[in-house]
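Q: output the structure for:
(one chain, ligands or ions: 1)
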Amino acid sequence: MNADFATADLIDLAPDTPSCQLPLQHFGRRPRFCGRVRTVRCFQDNGLVKQLLNSPGNGDVLVVDGGGSRYSALVGDMIAEAACSNGWAGVIVHGVIRDSVAIGQMDFGIKALGTNPKKSAKDSVGEVDVVVCFGEVTFTPGDYVYSDEDGVLVSKAPIEAA
Ligand SMILES: O=C([O-])CC(=O)C(=O)O
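A: Purely as a prediction, here's the structure:
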């Protein structure tokens, strides 16, 4: 998908589009990304996140519902590097990441609640491609997600800029 958009313009065109209400921070040198939603639901365990981001992303955005836990990081620099080289458009994490300085140098985009240096378990406990909800928004696999400096929008159909 074309990453030449601004969420403010898109939501002006389609004012009913759900907009995530969480204070997500941006990491990485690509502040603007969009694509079809894939999901992981997990809790303090990033085994499934690591598996998915190490497989082809096809321009999709991985939305990780970590339950908002700040206990341990769900993405670090190696996982982010894999995501970038496997063609994922970006990652949105309802949780925290680590290696933020290294990720800050990458041509990739990650949104997360913040950082914690502690690593997560790797037991791969969780679910893939289920409907997840956070920040008053429902992310259904296959939806279109748009993320930039202003926020995150989710839509059932592509929002075409005028
Ligand atoms: O493996 C992890 O849990 C996260 C990490 O440090 C990395 O991606 O480099």
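Q: for the closest residue to the ligand within the chain, give its distance to residue 36.
A: Using Cβ to the nearest ligand atom, the closest approach of the chain to the ligand is made by residue 76 at 2.2 Å. In short, each C-beta sits where N, CA and C put it, glycine included. Distance, residue 76 to residue 36, by Cβ to Cβ, to the nearest Å: 24 Å.
Q: repeat for residue 110
A: 17 Å.
Q: now residue 122: closest residue in space, sequence neighbours ignored.
A: Closest residue to residue 122 apart from its sequence neighbours, by Cβ to Cβ, 6 or more residues apart in numbering: residue 47 at 4.4 Å.
Q: run through the helices of the protein in chain order.
A: 7-13, 47-53, 77-85, 100-104 (DSSP state H).
Q: kindly reformat those as CSV containing mean neighbour count, mean pLDDT and distance to residue 148.
A: Shown next, in CSV, are the helices of the chain (neighbours: other Cβ atoms under 10 Å; pLDDT from 0 to 100; distance: least, Cβ to Cβ, whole Å):
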stretch, mean neighbour count, mean pLDDT, distance to residue 148
helix 7-13, 16, 96, 5
helix 47-53, 21, 98, 21
helix 77-85, 19, 98, 18
helix 100-104, 17, 98, 17
